[in-house]
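*Asks:* This is a predicted model, with the sequence first.
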Amino acid sequence: MAKTDEQQSGGVDALLAGAVLTVDLAALQANYRLVSSRLSNGATAAAVVKADAYGIGIGPAATALWAAGARDFFVAHADEGVTLRRHLADARIHVLNGAHDGAEEAFREYNLIPALNSLGDAARWRTFCAKVGNPLPCVLHVDTGMCRLGLDRGEFAQVVDDPSLLDGLDIQTVMSHLASADEDSPQNAQQLALFREARAHLPMGRASFANSSGVFLGPDYHFDLARPGVALYGVNPTPGSPNPMAQVIRLKAKILQVRDVDSAETVGYGATHRIAGPSRIATLPVGYADGYLRSLSNRATAYIGDYEAPLVGRVSMDLITIDVTAVPEAQCRPGMAVDLIGPHHTVDDLAAQAGTIGYEILTSLGRRYHRVYAGDTA
Ligand SMILES: *Cc1c(COP(=O)(O)O)cnc(C)c1O
């Protein structure tokens, strides 16, 4: 496998893989810069790289984002923070799920910043900091409408009554998380009001509120530190309006077999697609085991050049079948490439066909693809 300076690769060997996933790191960096440029009042953008950077690969993604200027990173699990530390020695790495009982020492060793998601978390972190004689940095998470993690209303009221509950903590960031930022929902303004109230009582450190879509709700939502994730990876943070983000991934499958069918036959498990007239069917080596969701059965579209080829029949574990009757034969032979995600067909398009969201398409991206990381301008 030839590698250029600009290309790192990974996953399955290029020659042996049935499909190639190309990650455009320059597009990722451009997206980080675009989100940063939308921020007002000196706010900066962190980069959320949980779930292996939304499936695209945390090492290459984080390195490219650092080169583009990101200094604050968010992961979900402590374990992801440990992995990230191997790639970025100097980043501020925040762990959204926090430090569970017994994990504190690892947070110190790898210099990870836990989110304190309850008063119990705060008490345990304070005890640990006292034990090691060092008020280690932390994030205080206040719930304003997710009902998931963060101080609930009762705990927030307790802190307002007794601010000493937070003594001995180095709270570098106070954060909350929007529930409906991708919708025109009254909940956004309600959460904003609650977060402002929280900030009035908890003015320490930086305030962090907006996810990707939150950035596009306007300056009121920006505070000091935004936490974009999905937009960096090319998903539209403004559903219903044109996507301002560049596409980051492209997925090409190699045709295994093409067959002419001139009789009335059915395709695939359950015989859910019936061929009406003379047709050509191409079989591709991608299936639900690769994160090509089964709900795409009889719904997805693929592209060969500019030609659209509908997916017919059910998605199997390792194979899909597309109708290539309309594609010139010369462009449709074994070994040739078919775009499953590409310029004509974005992550959002595929998500809509699968009845899901771009987040799930990205984080499901399979391990059997040959991965090419291209275009890092660092
Ligand atoms: C995942 C997550 C983000 C990033 O959200 P996107 O919608 O992907 O931008 C930000 N903050 C928290 C708390 C999250 O869990």
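*Replies:* Received the coordinates, thanks.

*Asks:* Please tell me I have it right and Gln158 contacts Leu119.
*Replies:* Yes: assessed by CB atoms under 8 Å, Gln158 is found in contact with Leu119 at 6.6 Å. C-beta coordinates here come from the backbone N, C-alpha and C atoms, glycine included.

*Asks:* So for these two, which residues contact both of them?
*Replies:* With contacts defined as CB atoms under 8 Å, 6 or more residues apart in numbering, the residues shared by Gln158 and Leu119 are Leu165.

*Asks:* how much space is there between the residue in the stretch 51-200 of the chain that the ligand sits nearest to and Val142?
*Replies:* Minimum separation of the stretch 51-200 of the chain from the ligand (CB to the nearest ligand atom) falls at His177, amounting to 4.0 Å. Using CB to CB, to the nearest Å, His177 is found at 9 Å from Val142.

*Asks:* Flag every residue of the protein that's near the ligand.
*Replies:* 48, 50, 96, 177, 211-212, 227-231 (CB under 6 Å from any ligand atom).

*Asks:* what's near enough to touch the closest residue to the ligand within the stretch 251-378 of the chain?
*Replies:* Among residues of the stretch 251-378 of the chain, the one nearest the ligand by CB to the nearest ligand atom turns out to be Tyr359. It sits 6.5 Å away. Shown in contact with Tyr359 (CB under 8 Å, 6+ apart): 54, 230, 235.

*Asks:* Show only the entries of these found in helices.
*Replies:* Applying DSSP state H to the contacts of Tyr359, the entries found in helices are Tyr54.

*Asks:* how near is the residue of the stretch 251-378 of the chain closest to the ligand to Lys50?
*Replies:* When distance is defined by CB to CB, Tyr359 is 11 Å away from Lys50.

*Asks:* same question, Leu112
*Replies:* On the measure of CB to CB, Leu112 and Lys50 end up 13 Å apart.

*Asks:* And for Thr63?
*Replies:* As for Thr63, its distance to Lys50 is 16 Å (criterion: CB to CB).

*Asks:* Quick one: list the elements packing against the helix or strand hosting Ala253.
*Replies:* Using DSSP states H and E, Ala253 sits in strand 249-254. Under the contact definition 3 or more CB pairs under 8 Å, 6 or more residues apart in numbering; DSSP states H and E, strand 249-254 sits against strand 19-24, strand 337-341.

*Asks:* shouldn't Ala198 be in contact with Thr144?
*Replies:* Yes: Ala198 is within contact range of Thr144, at 7.0 Å (criterion: CB under 8 Å).

*Asks:* Quickly list what's touching both of the two.
*Replies:* Ser176.

*Asks:* Next, count neighbours for Ala264.
*Replies:* Residues lying near Ala264 (other CB atoms under 10 Å) number 9.

*Asks:* higher neighbour count, Leu112 and Lys50?
*Replies:* Shown here are Leu112 and Lys50; by other CB under 10 Å, Leu112 has more neighbours (24 against 20).

*Asks:* give the contact list for the more buried one.
*Replies:* Contacts of Leu112 (CB under 8 Å, 6+ apart): 78, 81-82, 85, 93-95, 99, 106.

*Asks:* Which ones among these lie within helices?
*Replies:* When DSSP H is applied, those are split such that 78, 81-82, 85, 106 fall in helices.

*Asks:* Just the buried subset of the residues you listed, written out for PyMOL, thanks.
*Replies:* Burial among the ones in helices among the contacts of Leu112 is assessed by 16 or more other CB atoms under 10 Å; the matching PyMOL selection reads:
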select buried, resi 78+81+82+85
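
*Asks:* now, which of the ones in helices among the contacts of Leu112 sits nearest Thr363?
*Replies:* Set against Thr363, the nearest of the ones in helices among the contacts of Leu112 by CB to CB is Gly81 (17.6 Å).

*Asks:* Can you verify my assumption that that closest one contacts Val75?
*Replies:* Yes: in this structure, Gly81 is within contact of Val75 by CB under 8 Å, at 5.0 Å.

*Asks:* Let's see stretch 195-214 as PDB, backbone CA atoms only.
*Replies:* Output of stretch 195-214 as PDB, limited to C-alpha atoms (Å, rounded to 0.1, in the frame of the first residue of the first chain):
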ATOM      1  CA  PHE A 195     -28.500  28.600  32.400                       C
ATOM      2  CA  ARG A 196     -28.300  32.400  32.800                       C
ATOM      3  CA  GLU A 197     -29.800  32.000  36.300                       C
ATOM      4  CA  ALA A 198     -27.300  29.200  37.000                       C
ATOM      5  CA  ARG A 199     -24.500  31.500  35.800                       C
ATOM      6  CA  ALA A 200     -25.600  34.300  38.100                       C
ATOM      7  CA  HIS A 201     -25.100  32.100  41.100                       C
ATOM      8  CA  LEU A 202     -22.100  30.200  39.700                       C
ATOM      9  CA  PRO A 203     -19.900  32.800  37.900                       C
ATOM     10  CA  MET A 204     -16.700  30.900  38.200                       C
ATOM     11  CA  GLY A 205     -14.600  29.800  35.200                       C
ATOM     12  CA  ARG A 206     -16.000  29.600  31.700                       C
ATOM     13  CA  ALA A 207     -19.600  29.100  30.700                       C
ATOM     14  CA  SER A 208     -20.200  26.300  28.100                       C
ATOM     15  CA  PHE A 209     -23.700  25.800  26.600                       C
ATOM     16  CA  ALA A 210     -24.000  25.300  22.900                       C
ATOM     17  CA  ASN A 211     -23.600  22.100  20.900                       C
ATOM     18  CA  SER A 212     -23.300  22.200  17.100                       C
ATOM     19  CA  SER A 213     -26.900  23.400  16.500                       C
ATOM     20  CA  GLY A 214     -26.700  25.700  19.600                       C
END
